[in-house]
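1. The following block contains a protein sequence and its predicted model.
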Amino acid sequence: MEDCIFCQMIAGEMDSEIVYEDEEVIAFKDIEPQAPVHFLIIPKKHIPTLLDLQEGDKELVGHIYQVAAQLAQQEGIAEDGFRIVSNCKEAGGQTVYHIHYHLLGGRNLQWPPG
Ligand code: AMP
Ligand code: ZN
């Protein structure tokens, strides 16, 4: 997907602060952090929205959650707690159409979100 900024990031064509990478996923620092810890965990496979997930993506989504939990441990936010968010389409606040999971922590997060 040439016009997808996250695909460009995966291809190494865009600057990013990668904090984790394996065959299936990468995680990097959000460019506009909303909390002391704000990472984005994304699949390397281009999937535009959560609505485009297929039966065969079940393990991938589970893996993303495992990576998020591992990063939370590493960043020292696991004990206090953290949030994983995935926005879907316009009303959900999605701005990049390559699915991503926000890992947010390091402060007390409010509920409900805006
Ligand atoms: P969303 O609004 O849920 O689609 O999340 C997209 C996120 O991507 C936002 O939090 C942006 O700050 C972040 N973002 C956009 N461009 C970049 C970039 N080049 N590097 C890191 N994060 C980015
Ligand atoms: Zn993409």
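-> Looks like it arrived, so ask away. In this text the structure is predicted, and so the values were computed from the model without any measurement. Residues are numbered from 1 along each chain as shown. Ligands and ions are numbered 1, 2, ... in the order given.
2. Read off the pLDDT value for G114.
-> pLDDT, G114: 82.
3. Any residues of this protein in contact with ligand 2? List them.
-> 1, 4, 6-7, 46, 98 (C-beta under 5 Å from the ion). Bear in mind the C-beta positions are built from the backbone N, C-alpha and C, glycine included.
4. can you pull out the strands in the protein?
-> 18-21, 25-29, 37-43, 82-85, 101-105 (DSSP state E).
5. and these as a markdown table, adding mean neighbour count?
-> Formatted as a markdown table, the strands of the chain follow (neighbours: other C-beta atoms under 10 Å):
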| stretch | mean neighbour count |
| --- | --- |
| strand 18-21 | 15 |
| strand 25-29 | 19 |
| strand 37-43 | 22 |
| strand 82-85 | 16 |
| strand 101-105 | 21 |
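6. Serialize those strands to a markdown table and add fields for mean pLDDT and distance to ligand 1.
-> Shown next, in a markdown table, are the strands of the chain (pLDDT from 0 to 100; distance: least, C-beta to the nearest ligand atom, whole Å):
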| stretch | mean pLDDT | distance to ligand 1 |
| --- | --- | --- |
| strand 18-21 | 98 | 10 |
| strand 25-29 | 98 | 6 |
| strand 37-43 | 98 | 6 |
| strand 82-85 | 98 | 7 |
| strand 101-105 | 98 | 6 |
